[in-house]
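Visitor: I'll drop the sequence and a predicted model, then ask my questions.
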Amino acid sequence: MRTYDHYVGRMSAGSGSPTILFVCTGNICRSPMAEYLARAVSDHDGFSFTSAGISAPVGAPASSGAVLAMAEVGIDLSDHRACEVWEIGSGADLIIALSREHLIAMRRAWPERAGSMLMLRPDERSIADPYGLDTAAYRATRDEIAEAVAARAAAGWV
């Protein structure tokens with residue numbers, strides 16, 4: 001099981017590979033889906049991936065809807081545990097937001113790092129939060145995230 005210490009250790013270990021951090025609200029739906037999809041798409045091509053939330057319930061598992069939606073495409077989220085961006089975000093090389101509100105909050109917190117922050121969707125539109133919605137909403141969110149992750153990965157994460 002991954003914990004807050006796992007994330008801090010991974011980001012500060014100096015692995016030499018750039019760290020890409022995906023950020024959403026609670027780190028239990030969108031950002032873990034983005035993290036795990038990025039791992040699958042990029043096949044660890046020199047990047048490490050992690051995720052965090054603006055207001056995360058630290059230590060909480062991924063939501064059941066996210067776990068189910070990802071399992072349908074062969075990705076297991078059962079070991080994911082939520083952590084807050086404020087605790088780990090400063091160690092990331094690139095921070096990718098899932099919504100405009102997340103991007104604004106992080107740019108306010110770390111204005112000197114604004115150039116290393118961007119939206120997941122290349123068109124800079126927000127990805128809606130499926131939390132509390134039905135399975136179809138989680139599937140739609142997963143597919144939207146998968147498309148955006150594939151586009152960012154193909155462009156070299158820029």
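Guide: Nice, thanks for sending it over. Residues are numbered from 1 along each chain as shown.

Visitor: right, and the helix or strand after the host helix or strand of residue 106?
Guide: Residue 106 is located in helix 100-109, with elements delineated by DSSP states H and E. Downstream of helix 100-109, the next assigned helix or strand under DSSP H and E is strand 117-119.

Visitor: Give me the average confidence score over that next one.
Guide: Mean pLDDT, computed over strand 117-119, is 96.

Visitor: on contacts alone, who are the packing partners of that strand?
Guide: strand 94-97, helix 100-109 (3 or more Cβ pairs under 8 Å, 6 or more residues apart in numbering; DSSP states H and E). Any C-beta I mention is one placed from the backbone N, CA and C, and that applies to glycine too.

Visitor: Could you look over these and pick the most buried one?
Guide: Stretch with highest mean neighbour count among the helices and strands packed on strand 117-119: strand 94-97 (a mean of 25; mean count of other Cβ atoms under 10 Å).

Visitor: which is the next helix or strand following the lowest-mean-pLDDT helix or strand in the chain?
Guide: Least confident element among the helices and strands of the chain, by mean pLDDT, DSSP states H and E: helix 4-12 (a mean of 35). Note on helix 4-12: by DSSP H and E, the next helix or strand toward the C-terminus is strand 19-24.

Visitor: Can I get that next one as CSV, trimmed to CA atoms?
Guide: Only the C-alpha atoms of strand 19-24 are listed here, as CSV (Å, rounded to 0.1, in the frame of the first residue of the first chain):
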residue,chain,number,x,y,z
THR,A,19,8.4,13.6,-12.3
ILE,A,20,5.0,14.5,-13.7
LEU,A,21,2.4,15.2,-11.1
PHE,A,22,-1.4,15.1,-12.0
VAL,A,23,-3.6,17.2,-9.8
CYS,A,24,-7.4,17.1,-9.1
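
Visitor: what packs against that strand?
Guide: Where contact means 3+ Cβ pairs under 8 Å, 6+ apart, strand 19-24 is packed against helix 30-42, strand 48-53, helix 85-88, strand 94-97, helix 100-109.

Visitor: Among these, show the one with the smallest mean pLDDT.
Guide: Lowest mean pLDDT within the helices and strands packed on strand 19-24: helix 85-88, at a mean of 84.

Visitor: For it, what is the distance to the chain centroid?
Guide: Centroid separation for helix 85-88 versus its chain: 13 Å, with Cα atoms, centre = their mean, to the nearest Å.
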